[in-house]
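1. compute the structure for the input listed below.
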Amino acid sequence: MDTSIDSTNNIKSRQEFVDFLNELLADYKANKKYWENKDLESFLEAMAAYTEDSGAHLKHTNENANVDETSWKAFADIFMGARIYE
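-> Okay, here's the model as predicted:
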């Protein structure tokens with residue numbers, strides 16, 4: 001897949017996350033045919049499944065991150081706000 005998004009490794013601030021979301025949107029617009037989940041329902045289903053499986057992925061790749069200590073509430077708040085934010 002040809003993508004303009006290099007990595008998520010350097011996202012450490014709110015602004016970097018906003019920049020990432022804008023890059024993700026641009027990638028969707030430019031490369032929609034390569035995205036598996038092109039509608040909101042399938043995207044959210046995949047997001048839930050990926051989040052559920054992320055612990056196994058981290059264990060498999062031997063990364064040191066502990067997904068249970070991550071602030072998932074912050075991500076949920078962002079998505080909830082995005083429902084109504086204009």
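
2. pLDDT weak spots in this protein?
-> 1-4, 55, 57-74, 77, 79, 84-86 (pLDDT under 70).

3. where do the helices sit along it?
-> Per DSSP state H, the chain carries helices over the ranges 14-31, 40-61, 72-84.

4. closest to Ser7 out of these?
-> helix 14-31 (9.7 Å; C-beta to C-beta). C-beta coordinates here come from the backbone N, C-alpha and C atoms, glycine included.

5. quick revisit: need the helices of the chain in CSV (columns: distance to Thr8 and mean neighbour count).
-> Output for those, formatted as CSV (distance: least, C-beta to C-beta, whole Å; neighbours: other C-beta atoms under 10 Å):
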stretch, distance to Thr8, mean neighbour count
helix 14-31, 7, 12
helix 40-61, 12, 11
helix 72-84, 13, 10
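
6. can you list the ones you listed in TSV and add distance to Ser7?
-> Converted to TSV, the helices of the chain look like this (distance: least, C-beta to C-beta, whole Å):
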stretch	distance to Ser7
helix 14-31	10
helix 40-61	14
helix 72-84	18
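
7. gap between Met42 and Lys29?
-> Not Met; residue 42 is Ser. 17 Å (C-beta to C-beta, to the nearest Å).

8. and the closest residue to Lys32 other than its chain neighbours, how many neighbours?
-> With C-beta to C-beta, 6 or more residues apart in numbering as the criterion, Lys32 has its nearest non-adjacent residue at 6.1 Å, and that residue is Lys38. Using other C-beta atoms under 10 Å, Lys38 has 11 neighbouring residues.

9. for Lys38, what are phi and psi?
-> The phi/psi pair for Lys38 (degrees, to the nearest 10) reads phi -90, psi -10.
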